[in-house]
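Colleague: Model the structure of this input:
(one chain, ligands or ions: 1)
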Amino acid sequence: MTVYDIAVIGAGPAGLAAAATAAGNGAAVAVIDAAERSGGQYYRHQHGDDGARHHHWRAFTRLRDRLDGVAHLAGHRVWHAEPGEPHVLHCLVGHADERPATVRARRVVLATGAHDRSLPFPGWDLPGVMTAGGAQALWKGQGLPAGNNVVVTGTGPFLLPVATGLAAAGATVHGVFEANRPNRHALPLATDLSRAAEAAGYAAALARHRIPYRTGHAVIAAHGHDRLEEVTVARLDRDWRPVDGTHRTIPCDTLAAGYGFTPQLELAVHLGCELTPGFDGTPVAVVDAAQATTAARVWAAGETCGVGGAILAMTTGALAGHAATDTTPPTGLLRRRTRQRRLAAALAAAWPVRDGWRSWLTDDTLVCRCEEVTYARVREAVADGARDTRGLKLLSRTGMGHCQGRVCGYAAARILGVAEHVNRPLAQPVRLGDLAGLDTHPPQGADT
Ligand SMILES: Cc1cc2nc3c(=O)[nH]c(=O)nc-3n(C[C@H](O)[C@H](O)[C@H](O)COP(=O)(O)OP(=O)(O)OC[C@H]3O[C@@H](n4cnc5c(N)ncnc54)[C@H](O)[C@@H]3O)c2cc1C
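Modeller: Numbers count the residues shown, from 1 in each chain. Predicted coordinates for the structure are as follows:
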C-alpha cells in the first residue's frame, strides 16, 4: 500500500508550486487533479500549447520542469477526503469507464481553487448564456470561441481576458458591461507594475477589436425562444439598480456572465478545516502564516484561502510546500504574499457585488436552475421561516439538485443575508456502488 508523504489536491498554480517545493525538499509527493493536464484554470491549455494565450507562461513551464519524481494522478476526481493517519482520499478515475481509487498520504495540501460565481437574472437559464469562466475555459482548453456574437457582463478584471480571448478566437464581441465603476480601491492595483501592464495590454486589445467597455452597466435580462437571441443592458446606480430610461437591447447568440469566484471548500470541510469570511465575505479556509489550516496535517493554498489570482496562488502554494515539509521558507516569499494579499483585498473592494441585482429579478426568474425554483418561491420560503440556505433548501428545494448549490448558493445566501453554506459531503457526483466502497480497479499510483 503506497502512502505518500504529501498529497496535493489540485494541479493549478497553487498546487503545482506546493508539489514542486515539497518534492524539492525531498518528500514523496502525489499531485491529484480532476483534469487530464496540469495548470488548473489559469494555465488551462491544449496539447502542444506554446503558451501564446497565457500570461506568465514561463512560470508554469518552470514549475512543470520541477515536478520530476512527483506522481501526477491526472483525471482523478476526489469525491471525499477522510481525515486520519494517513488521510484517505477517495477518487473516481476516468469518464465512461469511471472507476474508484483511493490515495493515502500522511499530509495533505488543499489547492482546489474556485468556481465561477453566478447571479440569476431573467433568462439566465437559456442555452447560450454561460459563465465567463466557462467561455474562457472553452477558449483556453479547446481554442474555440463560445459563440459568434457575444456579450460579456459581470464585474471584475477577469471580464477583460474573457472578452479579448473571445475576440482573438474569432467571435464578434458587442460589449463588456462592467457593473461597477472605477473607485479609489482599485488604486493599489494601478500602481502594481505587472497588473498595470496586463491591464494596458487588455485596453489595447479591446481597442484593436473595437469592443466597447462600459462601466456602471450590466446585462439585466436575456431573451429568446429556444435559445438566447438578445440581451437587455441597463445603466446601474451605485447599488446596481437599473436607471429608468437607460434600457436597450443587443442581439447576440452568447452571453458570458461572471461575478467573481467562490472558493471550492468541500474537501476542506471534509478534513475538518475551519472556514472564515474572506475579503468579500465568501467563506475561505482559515490558514496561519505557514498556510496550515486548523485541521491536523492539512495545509491550504491558492484560492481555497481567498480569491487573489494566479501569482498569489503560486506564492501561497510554495509556502504550503515548505511548511508541509517542515522547511523554513525564504523571507522574500513571505513578503511577496503580504504584498499580493494586499492587492487581493483591493481587488475585492474595487469590484464588489452590490445588492441592487435583486431588483433585476422577476417573480418567475429561476434562482435554482437545477430544481427550477423561482424567485417568488424563494421569497415564499423566506416568509415561511427559512433563515439560512439549509432551511431554504428544505422548504423550497433551492440547492438540492445536481450542482448542490454551487451555482445558486451564493445568490440564495445573498437573498437571505447570510453566509454561504459549503457543507457538501460529496465533492463530486458519485455512484451508489462507489459509495458502498466497491474499489476493484486501482489505477497506477493509487491503491484499493
Ligand atoms: C473557469 C475558470 C476560469 C478561469 N480563468 C482564468 C483566467 O483565464 N485568468 C485569470 O487570471 N484567472 C482565471 N481564473 C481564476 C483562477 O482560478 C485563478 O486565478 C488561479 O487559477 C487560481 O489558482 P489555484 O491553483 O488556486 O486554483 P485553480 O487554478 O482553479 O486549480 C485548482 C485545481 O484543482 C482541481 N480540483 C478542484 N477540486 C478537485 C477535486 N475534488 N478533485 C480533483 N481535483 C480538483 C481543479 O481541477 C483545478 O485544476 C479562472 C477561474 C475559473 C473558475
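Colleague: Quick one: name the residues of this protein near the ligand.
Modeller: 9-15, 32-35, 40-42, 76-78, 111-116, 133, 136-137, 158, 161, 261, 264, 267, 302-303, 309-310, 313, 427-428 (CB under 6 Å from any ligand atom). C-beta: built from backbone N, CA, C; applies to glycine.
Colleague: Buried ones among those residues?
Modeller: If you count burial by 16 or more other CB atoms under 10 Å, the buried members of the residues of the chain next to the ligand come out as 9-15, 32-35, 40-42, 76-78, 111-116, 133, 136-137, 158, 161, 261, 264, 267, 302-303, 309-310, 313, 427.
Colleague: In helices, which of the residues of the chain next to the ligand fall?
Modeller: 13, 14, 15, 133, 136, 137, 161, 267, 310, 313 (DSSP state H).
Colleague: Farthest pair within those?
Modeller: Pairwise distances across these peak at 27.5 Å for 161 and 267 (criterion: CB to CB).
Colleague: So what's the residue count around residue 326?
Modeller: By the measure other CB atoms under 10 Å, the count of residues near residue 326 is 10.
Colleague: Same check on residue 369?
Modeller: Residues lying near residue 369 (other CB under 10 Å) number 16.
Colleague: which residue packs closest to it, ignoring adjacent ones?
Modeller: residue 125 (5.0 Å; CB to CB, 6 or more residues apart in numbering).
Colleague: And that neighbour, how far from residue 267?
Modeller: Distance from residue 125 to residue 267, counting by CB to CB, to the nearest Å: 29 Å.
Colleague: Can you name the residues that contact residue 261?
Modeller: By CB atoms under 8 Å, 6 or more residues apart in numbering, the contact set of residue 261 is 114, 115, 116, 117, 133, 158, 303, 307.
Colleague: Which of those sits closest to residue 325?
Modeller: The nearest member of these to residue 325, counting by CB to CB, is residue 303 at 22.2 Å.
Colleague: my read: that closest one touches residue 14, true?
Modeller: Yes: counting by CB atoms under 8 Å, residue 303 does reach residue 14; the two are 7.2 Å apart.
Colleague: tell me, what's touching the two both at once?
Modeller: Residues touching both residue 303 and residue 14 (CB under 8 Å, 6+ apart) are 113, 313.
Colleague: all strands of the stretch 301-448 of the chain, in order?
Modeller: 366-368, 373-374 (DSSP state E, counting those that start in this stretch).
Colleague: out of everything not next to it in sequence, what's closest to the residue in the stretch 301-448 of the chain that the ligand sits nearest to?
Modeller: Relative to the ligand, the nearest point of the stretch 301-448 of the chain is residue 302 (2.3 Å; CB to the nearest ligand atom). Excluding its sequence neighbours, the residue lying closest to residue 302 (CB to CB, 6+ apart) is residue 14, at 2.6 Å.
Colleague: Could you pull up the residues touching the one residue in the stretch 101-250 of the chain that gets nearest to the ligand?
Modeller: Proximity of the stretch 101-250 of the chain to the ligand (CB to the nearest ligand atom) peaks at residue 113, 2.2 Å away. For residue 113, the contact set (CB under 8 Å, 6+ apart) comprises 10, 12, 14, 40, 41, 263, 264, 302, 303, 304, 313.
Colleague: The third one reaches residue 311, doesn't it?
Modeller: No: when contacts are counted by CB under 8 Å, residue 14 is not listed as touching residue 311 (10.5 Å).
Colleague: quick one, helices of the stretch 101-250 of the chain?
Modeller: Remark: helices assigned in the stretch 101-250 of the chain by DSSP state H, counting those that start in this stretch are 132-142, 159-168, 187-190, 193-208.
Colleague: mind listing what's buried in the shortest one?
Modeller: Spelled out, that is helix 187-190. 188, 189.
Colleague: Can you spell out which helices and strands pack onto it?
Modeller: helix 193-208, helix 331-350 (3 or more CB pairs under 8 Å, 6 or more residues apart in numbering; DSSP states H and E).
Colleague: With mean pLDDT added, can I get these in CSV?
Modeller: Shown next, in CSV, are the helices and strands packed on helix 187-190 (pLDDT from 0 to 100):
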stretch, mean pLDDT
helix 193-208, 89
helix 331-350, 94
